[in-house]
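Colleague: Sequence unavailable; structure follows:
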């Protein structure tokens, strides 16, 4: 009883002791110089927003990365494992309104609290590389990048219809609108407004971003598919229809109509130019310039167009324009098809968007489902111009939308298939000057203007004489002023700070005004991982030589919700930096992993739902190691984890068993340091076999599969196996050198998952230095190999029995053992064994008739 009390596992004593020791050693988690000669490994979890407190969703994410970092340290790699804070953003302004606390004060207070939590959890971050994006020494470089992109034509300003969140009181990028609602406020419908905005020309890299996905074999296919769909490449043709009252009509030599391009054109984009002879109307977006012109002279049309605009606005705000009930109005005007001179009516339709494509479509109801629906509703003619390549007795119903057909009712192009018709029609458009082949993308340029205070000031000046003037590099950073009144109404708060707004134009020396919008906070997170490599550089964003050593990131970890936000922006930013000559890599990360969510009460754990579990509570009850290990044990890392506090308690009990096991024999194992173990046999061989099988499994999993849940289970099985031999161990039946190997390797296997306990036990075993830097135990394949294997035997695919054979047995030996088994003899008596299929080491299947 006294011994059990002495061996009681008490994380409340053990963990603070080691936390204090680790905190006193700033080099413990520091990367070695890039000249170390070691292979490098950059492991990174997405930096958190300092919203107040960590929850168990955070713990899961960071436990995965921390386990990996610790394993790679033990494998002898030069590991970079940094941490920082995505510190700008709207919640700080909300807190300023609610609590009358300045955003900076609120943010830094939260950072201090979360940093304390990370420390108590034992996370192995190198805090010497810490980055805080709201500090001028960081956002100065946001501004520097903005200016370099402006010089290259990758930044521009225009009036644009933007997504406006009434709750945020600011603009949202397209990627930040999910199902018509704000990505931060799931119940807030996003509105449409017209504002002057700054944009990054991400579309200049659209093709390269798309092609690059094929090389990202280390990224989840789900993430790559989401990005492919968001980039949305379409190959097609742009064709100019002509306003009938402007077009000049003539005839070809054979008397057929010929159109001479003249006057106002209506450009459409189509992926099916082969169907152009089936176009029976042109449909324009309500905001198309030509509609505005027509409506200005037609009060009735203007009223109808206004109604269509209102319907479109409501559909946009609901988040699904595609599901809108389709309405349209005829304009009374006609367009001329440039291929055959046919006059077709021009309509205005509520489902055509001015900012998508050209804002105009040719409607081919015979070969498009949406066009067919619209034409049927408004009695617009439907014409077949594509027929099946292999005619059938009954004519195929319209709409016929497949590309597998031939052209009909299409003049000289009749009989051609899709590819040949497309080529010839495109050539005719180019020759005639009314069209060209065209590639378009769904992705739009990144709107980065935000009408709020807590963000990076945009380094541009508005001068009445010289227009828009960039802030000179020597005047960076443009400092965000303190003590700004936050109202979230009436535009940017910075516009109400005269000492910020009113400046001298750096070009003409006259009075001018600063830009008062701030940058989208996704700018901050698009390149922060490069700053980690050289966090205190005051001459440049980072040293290129250092960044080129560490990049690409070897393993990047974060939620799939960032697939088309942060991850696509960071890929764009990496290419911009490459083209600036700052780095050599094309992609930020070689491998990306999206962990599953933590679910409680049927929903993702989040503050908004009030179902957050504080890691502080779990640490106080069960310890940091149990809290971390549960996050890795309860489910595969890529699957959702259903939170159960009983599971944390169970892991804590296991750690107690492991602690008592090692402590009970620590003195014996310590005394055997340097002793040579005899050739293992009997119980020693059995225990060593289990140990080396466990080492092999966990090592393999760290190299790619990441089955950390089964790794923890394997460690539990190993502890059970050793504990099961407790009587023999106590009796000295296992040599002390073997016992030392067992316990030392067990502690090293625990180290990535339970670092506090591993440090304590490593110390008790007399291990040299920090367990973090101890070599990872190698697996001996000869010891891991089983002497015998248990092979399932099936009859016609159904399990009949199990037979044991020596490991490595030839197929003939396995077959003989199966046929000699009494159960097999009984079940095959009087029957014919037609075939015996042996998969060596796996299974035997008898085909019996």
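Modeller: Great, that's in hand. Nothing here was measured: the structure is a model prediction, and the numbers come from that model.

Colleague: Per-residue pLDDT of residue 515, please?
Modeller: Reported pLDDT at residue 515 in the predicted model: 97.

Colleague: hang on, it packs against residue 455?
Modeller: No: taking contacts as Cβ atoms under 8 Å, residue 515 lies outside contact range of residue 455: 11.9 Å. The way it works is simple: take the backbone N, C-alpha and C, and place the C-beta from them, glycine included.

Colleague: Now for the chain, the helix or strand with the poorest mean pLDDT.
Modeller: One helix or strand of the chain scores below all others by mean pLDDT, DSSP states H and E: helix 2-6, with a mean of 47.

Colleague: what's the spacing between stretch 793-813 and its chain's center?
Modeller: Its chain's C-alpha centre and that of stretch 793-813 lie 45 Å apart, by Cα atoms, centre = their mean, to the nearest Å.

Colleague: can you list contacts of that stretch?
Modeller: 785-792, 814, 817-818, 821, 823-824, 827-828, 838, 840-841, 843-848 (Cβ atoms under 8 Å, 6 or more residues apart in numbering).

Colleague: Could you list the buried residues of the helix or strand following the least confident helix or strand of the chain?
Modeller: Note on helix 2-6: by DSSP states H and E, the next helix or strand toward the C-terminus is helix 11-23. By neighbour count on 16 or more other Cβ atoms under 10 Å, the buried set for helix 11-23 is 11, 14, 15, 18, 19, 22.

Colleague: between the residues you listed, which is closest to residue 183?
Modeller: Of all the buried residues of helix 11-23, residue 183 sits closest to residue 19, with 35.9 Å by Cβ to Cβ.

Colleague: if I look at the closest one, how far off is residue 753?
Modeller: Noted for residue 19: a distance of 17 Å to residue 753, by Cβ to Cβ, to the nearest Å.

Colleague: And for residue 26?
Modeller: Distance of residue 26 to residue 753, given as Cβ to Cβ: 24 Å.

Colleague: Between the two, which has more neighbouring residues?
Modeller: residue 753 (26 against 11; other Cβ atoms under 10 Å).

Colleague: so the more buried one makes contact with residue 708?
Modeller: Yes: the pair residue 753 / residue 708 is scored as a contact, 7.4 Å apart, by Cβ under 8 Å.

Colleague: So, low pLDDT: which residues of the stretch 201-350 of the chain?
Modeller: 247-263, 316-322 (pLDDT under 70).

Colleague: Please disregard the earlier target; I meant the chain.
Modeller: For the chain, the stretches with pLDDT under 70 are 1-6, 173-175, 247-263, 316-322, 391-395, 488-490.

Colleague: Give me the most central residue, it.
Modeller: The residue lying closest to the centre of the chain (Cα atoms, centre = their mean) is residue 563, at 3.0 Å.

Colleague: give me every residue that touches that one.
Modeller: So, once contact is read as Cβ under 8 Å, 6+ apart, residue 563 ends up touching 222, 223, 226, 227, 594.

Colleague: measure stretch 515-525 end to end?
Modeller: 22 Å (Cα to Cα, to the nearest Å).

Colleague: should've said stretch 765-785
Modeller: Using Cα to Cα, one end of stretch 765-785 lies 28 Å from the other.

Colleague: which secondary structure element contains the residue lying closest to residue 298 once chain neighbours are set aside?
Modeller: Among residues not flanking residue 298 along the chain, residue 332 sits closest, at 7.4 Å (Cβ to Cβ, 6 or more residues apart in numbering). Taking DSSP H and E as the definition, residue 332 sits inside strand 328-336.

Colleague: Parallel or antiparallel, which strands does that strand pair with?
Modeller: Strand pairing for strand 328-336, determined by DSSP bridges: strand 233-243 (antiparallel), strand 343-349 (antiparallel).

Colleague: right, so of those strands, which gets closest to residue 509?
Modeller: Once the strands paired with strand 328-336 are compared by Cβ to Cβ, strand 233-243 is nearest, at 46.4 Å.

Colleague: List the buried residues for the closest one?
Modeller: The neighbour-count check on strand 233-243 (16+ other Cβ under 10 Å) flags 236, 237, 238, 239, 240, 241, 242, 243 as buried.

Colleague: go on, stretch 515-532?
Modeller: Neighbour-count burial for stretch 515-532 [16+ other Cβ under 10 Å]: 515-532.

Colleague: ditto for stretch 536-556
Modeller: 541, 542, 544, 547, 549, 550, 551, 552, 553, 554, 555, 556.

Colleague: what about stretch 461-480, how long is it end to end?
Modeller: In stretch 461-480, first residue to last residue: 15 Å (Cα to Cα).

Colleague: Now do the longest helix seen in the chain: distance to the chain's middle.
Modeller: Scanning the chain for the longest helix, with DSSP state H as the assignment, gives helix 645-671. Put simply, helix 645-671 sits 38 Å off its chain's centre (Cα atoms, centre = their mean).

Colleague: Next, the angle from that helix to helix 11-23.
Modeller: Angle, helix 645-671 to helix 11-23, by axes from the mean of the first three to the mean of the last three Cα atoms, to 10 degrees: 70 degrees.

Colleague: and the gap between the nearest residue to residue 386 once chain neighbours are set aside and residue 382?
Modeller: Among residues not flanking residue 386 along the chain, residue 405 sits closest, at 4.3 Å (Cβ to Cβ, 6+ apart). Counting by Cβ to Cβ, the gap from residue 405 to residue 382 is 16 Å.
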